[in-house]
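Enquirer: sequence first, predicted coordinates after that:
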Amino acid sequence: MSLPKAELHLHIEGTLEPELAFTLAARNGVELPYKDTEELRRAYLFQDLQSFLDLYYGLMAVLHTEDDFAELAEAYLARAATQGVRHAEIFFDPQAHTSRGVPIGTVIEGLARALDRSLERHGISTLLIMCFLRDESAESAMETLDAAKPHLHRIAAVGLDSAEAGHPPSKFREVYKAADALGLRKVAHAGEEGPPAYIREALDVLGVERIDHGLRCMEDPELVERLVRERVPLTLCPLSNVRLRAVDTLEEHPLARMMDAGLLCTVNSDDPAYFGGYVGDTFHAVHEALGLGEERLRELARNSFVASFLEGDEERRAR
Ligand code: HPA
Ligand code: ZN
């Protein structure tokens, strides 16, 4: 589906395709616990968010050098261009690398190398969103923000991801305050596996501008009313929700109901190498499974620019 669109919920580590994982493993002398790409793909049967995260963090062991991160991002951008992506706001998880001894500068400068030439090469403008792992401590998040300071010109926003249940947004109040003082914009995953209260906290305590996922707002009609009234964008990821069993089937996904309720919905791929499709594939899938017609798909594509951090001329170019 090649409607021009912005992708706002995309973990760059979640674009690591099995073929590239094996190439990098060989290059870096990393032994993977899978015989080949087929065996690895067969392991992509997830019970929930945590079972995905275990495999996802494990496979990151192949990423070591600036070149590795540049190659990872370049492969995503080349693929995204074929799916109509004109602008991408890209998450990365520095702690998943620094905890393995990879310096944060290697991660950021490697990614930046591919991002810097993306507009020229692929017609895609880009921004980087640095995510904190919410199942790590608030102190570790603060240390990560500190370590990123020499590279802040590369970073547009902070985000919050990883295992949600039991790790409420309020745990990160101080680090979001510090990020805000540094001029960074703010988003957070909330309401994927966690309760609607986490969505309220992300808004009220962290001051986020967008909610990543936000699916479980549908359990709380007052919250839905607020999100509609305040035009808070939600970056939904329907294929991810099916693979991680937040919903049983794509046919039962609440996307259409959420749009009917007046929520500012966008559709994104989350971790496309793991969840069975890039963002254009996701548009196609919701068209087929939910019967969303041309007008609704156009609305989703339009919303993706409205919800993006682009403004004025930049936004007009991308559309
Ligand atoms: N949720 C939380 N953390 C993540 C996800 C997700 O969908 N993908 C990668 N990290
Ligand atoms: Zn995500």
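Expert: That came through, no problem. Ligands and ions are numbered 1, 2, ... in the order given.

Enquirer: when you work out contacts or count neighbours from here on, use the C-alpha atoms and nothing else.
Expert: OK.

Enquirer: quick one: least confident helix or strand in the chain?
Expert: helix 312-318 (a mean of 82; mean pLDDT, DSSP states H and E).

Enquirer: other residues contacting that one?
Expert: Applying C-alpha atoms under 8 Å, 6 or more residues apart in numbering, the external contacts of helix 312-318 come out as P4, K5, R86, H87, I124, S125, F305.

Enquirer: what residues does the stretch 151-300 of the chain have near ligand 1?
Expert: Remark: the part of the stretch 151-300 of the chain in contact with ligand 1 comprises D161, S162, A163, D270, D271, using C-alpha under 6 Å from any ligand atom.

Enquirer: can you redo the contacts of helix 312-318 as TSV with neighbour count and secondary structure?
Expert: As requested, those are exported to TSV (neighbours: other C-alpha atoms under 10 Å; DSSP: H, G, I helix; E, B strand; the rest coil):
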residue	neighbour count	secondary structure
P4	19	coil
K5	28	strand
R86	26	strand
H87	31	strand
I124	22	coil
S125	23	strand
F305	23	helix
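
Enquirer: which strands and helices sit next to the lengthiest helix in the chain?
Expert: The single longest helix within the chain, with elements called by DSSP state H, is helix 66-81. Secondary-structure packing of helix 66-81 (3 or more C-alpha pairs under 8 Å, 6 or more residues apart in numbering; DSSP states H and E): helix 104-116, helix 118-122.

Enquirer: list the contacts for the residue lying closest to F275 once chain neighbours are set aside?
Expert: Leaving aside its sequence neighbours, F275 sits nearest to S240 (C-alpha to C-alpha, 6 or more residues apart in numbering; 5.6 Å). Contacts for S240 (C-alpha under 8 Å, 6+ apart) come out as S269, D270, D271, F275.

Enquirer: of those residues, just say which sits nearest to Y176.
Expert: The closest of the contacts of S240 to Y176 turns out to be D270 (C-alpha to C-alpha; 22.2 Å).

Enquirer: name the residue of the chain that lies nearest to ligand 1.
Expert: S162 (3.3 Å; C-alpha to the nearest ligand atom).

Enquirer: pretty sure that residue sits against P168.
Expert: No - counting by C-alpha atoms under 8 Å, S162 does not reach P168; the two are 11.5 Å apart.

Enquirer: mutual contacts of the two, please.
Expert: Listed as contacting both S162 and P168 by C-alpha under 8 Å, 6+ apart are R134.

Enquirer: picking up where we left off before, will you turn the contacts of helix 312-318 into JSON lines that also has pLDDT and distance to ligand 1?
Expert: Listed next are the contacts of helix 312-318 as JSON lines, based on pLDDT from 0 to 100; distance: C-alpha to the nearest ligand atom, whole Å:
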{"residue": "P4", "pLDDT": "97", "distance to ligand 1": "23"}
{"residue": "K5", "pLDDT": "98", "distance to ligand 1": "20"}
{"residue": "R86", "pLDDT": "98", "distance to ligand 1": "22"}
{"residue": "H87", "pLDDT": "98", "distance to ligand 1": "19"}
{"residue": "I124", "pLDDT": "98", "distance to ligand 1": "22"}
{"residue": "S125", "pLDDT": "98", "distance to ligand 1": "22"}
{"residue": "F305", "pLDDT": "98", "distance to ligand 1": "21"}
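
Enquirer: kindly reformat those as a markdown table containing distance to P196.
Expert: Shown next, in a markdown table, are the contacts of helix 312-318 (distance: C-alpha to C-alpha, whole Å):
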| residue | distance to P196 |
| --- | --- |
| P4 | 31 |
| K5 | 28 |
| R86 | 32 |
| H87 | 29 |
| I124 | 34 |
| S125 | 32 |
| F305 | 25 |
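
Enquirer: give me the angle between the longest helix of the chain and helix 104-116.
Expert: Relative orientation of helix 66-81 versus helix 104-116 (axes from the mean of the first three to the mean of the last three C-alpha atoms, to 10 degrees): 30 degrees.

Enquirer: alpha carbons only: can I get helix 66-81 in PDB?
Expert: Presented in PDB, the C-alpha positions along helix 66-81 are these (Å, rounded to 0.1, in the frame of the first residue of the first chain):
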ATOM      1  CA  GLU A  66      28.700   1.600  13.900                       C
ATOM      2  CA  ASP A  67      28.600  -0.100  10.500                       C
ATOM      3  CA  ASP A  68      26.200  -2.700  11.900                       C
ATOM      4  CA  PHE A  69      23.800   0.000  13.100                       C
ATOM      5  CA  ALA A  70      24.100   1.900   9.900                       C
ATOM      6  CA  GLU A  71      23.400  -1.200   7.900                       C
ATOM      7  CA  LEU A  72      20.400  -2.000  10.000                       C
ATOM      8  CA  ALA A  73      18.900   1.400   9.500                       C
ATOM      9  CA  GLU A  74      19.700   1.500   5.800                       C
ATOM     10  CA  ALA A  75      17.900  -1.800   5.300                       C
ATOM     11  CA  TYR A  76      14.800  -0.500   7.000                       C
ATOM     12  CA  LEU A  77      14.800   2.800   5.100                       C
ATOM     13  CA  ALA A  78      15.200   1.100   1.700                       C
ATOM     14  CA  ARG A  79      12.300  -1.200   2.500                       C
ATOM     15  CA  ALA A  80      10.100   1.600   4.000                       C
ATOM     16  CA  ALA A  81      10.500   3.600   0.800                       C
END
